[in-house]
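Novice: Below: sequence and its predicted model.
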Amino acid sequence: MAGNFYQIRCADCENEQVAFGKASTEIHCAVCGTTLATPTGGDAEFHCEVIETVERRPSEAQV
């Protein structure tokens, strides 16, 4: 399974956390509970600031 992890920042409380880019469930802020990302069946839709890619995994075609 290819996918990236992202460092994201909550717009409400500025908490930073790491999230998987292809999340299958909603991602909520660990501090205030704001919804940060929702699943779309592929890449998650982020509703917050994406700061950086934390870990990039190679796709199966590149392995």
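Specialist: That came in fine, so what should we check first? Residues are numbered from 1 along each chain as shown.

Novice: Is the residue nearest in space to the middle of the chain within a helix or a strand, and which one?
Specialist: Centroid-nearest residue in the chain: Ala19, 3.4 Å away (criterion: CA atoms, centre = their mean). Per DSSP states H and E: Ala19 is located in strand 16-20.

Novice: Alpha carbons only: can I get that strand in CSV?
Specialist: The C-alpha atoms that make up strand 16-20 are tabulated as CSV, following Å, rounded to 0.1, in the frame of the first residue of the first chain:
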residue,chain,number,x,y,z
GLU,A,16,0.2,19.7,15.1
GLN,A,17,-0.2,16.0,14.5
VAL,A,18,0.7,13.4,11.9
ALA,A,19,-2.0,11.9,9.6
PHE,A,20,-2.1,9.2,6.9
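
Novice: what's next to it, contact-wise?
Specialist: 3-10, 27, 29-30, 36-37, 44, 46, 51, 54 (CB atoms under 8 Å, 6 or more residues apart in numbering). The C-beta positions use only the backbone N, C-alpha and C, and glycine is treated the same way.

Novice: again, only this time at 7 Å
Specialist: For strand 16-20, the external contacting residues (CB atoms under 7 Å, 6 or more residues apart in numbering) are Gly3, Phe5, Tyr6, Gln7, Ile8, Arg9, Ile27, Ala30, Leu36, Ala37, Ile51, Val54.

Novice: Pretty sure the third one sits against Val54.
Specialist: So the one you mean is Tyr6. Yes: counting by CB atoms under 7 Å, Tyr6 does reach Val54; the two are 6.3 Å apart.

Novice: which of those two has more neighbours?
Specialist: Applying other CB atoms under 10 Å to Tyr6 and Val54 shows that Tyr6 carries more neighbours, namely 21 against 14.

Novice: who's in contact with that one?
Specialist: Listed by CB under 7 Å, 6+ apart, the contact partners of Tyr6 are Val18, Ala19, Gly21, Val50, Thr53, Val54.
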